[in-house]
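Novice: Whatever this is, show me its structure:
(one chain, ligands or ions: 1)
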Amino acid sequence: MLKTDILIIGSGIAALQLATKLNQHYDVTIVTKGKITNSNSYLAQGGIAAAISESDHVYDHAYDTLKAGEYFNLPFIVNYVTKKAPNIIKQLINDGVIFDHINQQLILGKEGAHQQRRIVHAGGDATGKHLINSLINQLDDSITLT
Ligand SMILES: Cc1cc2nc3c(=O)[nH]c(=O)nc-3n(C[C@H](O)[C@H](O)[C@H](O)COP(=O)(O)OP(=O)(O)OC[C@H]3O[C@@H](n4cnc5c(N)ncnc54)[C@H](O)[C@@H]3O)c2cc1C
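Specialist: Got it, this is the predicted structure:
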């Protein structure tokens, strides 16, 4: 019988980041759908949006996101996510994720409704694959995968 403090179902970016955080204090088990790379996260391509350039602002990112959603999206969620995004990118970089860069500057793409360059990507259009592989490499051996 499986015994664990924390059971995480799935192995996308949310699951892998949570596992690494909780593993510092608890015994963690991740249940995968056969393979740890089975997730939407692994398939994600274009990149992750975050207001990180000097000419950008989290309020502009929030505004573009609300506008793209025809104002159907919940403003407090949009504000929360866009505000958190720059630090999460920094955290991923600190955790070893290598986003595409040139001369030590991140290459920022401009896509869709974004009015600023704010998309970080890895391996061109293989962002999810690079990110997930990097998070898998950081998983502590004490985490059980099943
Ligand atoms: C082709 C594609 C391209 C994308 N491109 C981008 C992009 O460029 N930029 C961007 O920001 N977002 C992109 N996305 C969206 C992005 O991938 C998701 O928003 C993000 O990965 C969600 O992460 P998550 O960890 O919450 O969920 P997921 O990565 O979906 O992880 C969920 C996990 O739960 C598991 N699971 C589900 N049901 C069960 C079950 N019943 N039993 C066991 N396990 C289960 C799955 O196997 C998976 O491991 C893209 C998505 C796809 C499919």
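Novice: going forward, measure contacts between C-alpha atoms and count neighbours the same way
Specialist: Fine.
Novice: buried set for the helix or strand harbouring A19?
Specialist: Element membership of A19 [criterion: DSSP states H and E] is helix 13-22. By neighbour count on 16 or more other Cα atoms under 10 Å, the buried set for helix 13-22 is 13, 15-17, 19-20.
Novice: Quick check: buried residues in the lengthiest helix in the chain?
Specialist: The single longest helix within the chain, with elements called by DSSP state H, is helix 75-94. In terms of neighbour count (16+ other Cα under 10 Å), helix 75-94 has its buried residues at 78-79, 81-83, 85-86, 89, 92.
Novice: Dump those residues to TSV, plus distance to the ligand and pLDDT.
Specialist: As requested, the buried residues of helix 75-94 are exported to TSV (distance: Cα to the nearest ligand atom, whole Å; pLDDT from 0 to 100):
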residue	distance to the ligand	pLDDT
V78	13	98
N79	16	98
V81	12	98
T82	12	98
K83	15	98
A85	11	98
P86	13	97
I89	12	96
L92	14	92
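Novice: From the buried residues of helix 13-22, pick the one nearest the ligand.
Specialist: Ranked by distance to the ligand (Cα to the nearest ligand atom), these are led by I13 at 4.0 Å.
Novice: list the contacts for the closest one?
Specialist: 41, 132, 135 (Cα atoms under 8 Å, 6 or more residues apart in numbering).
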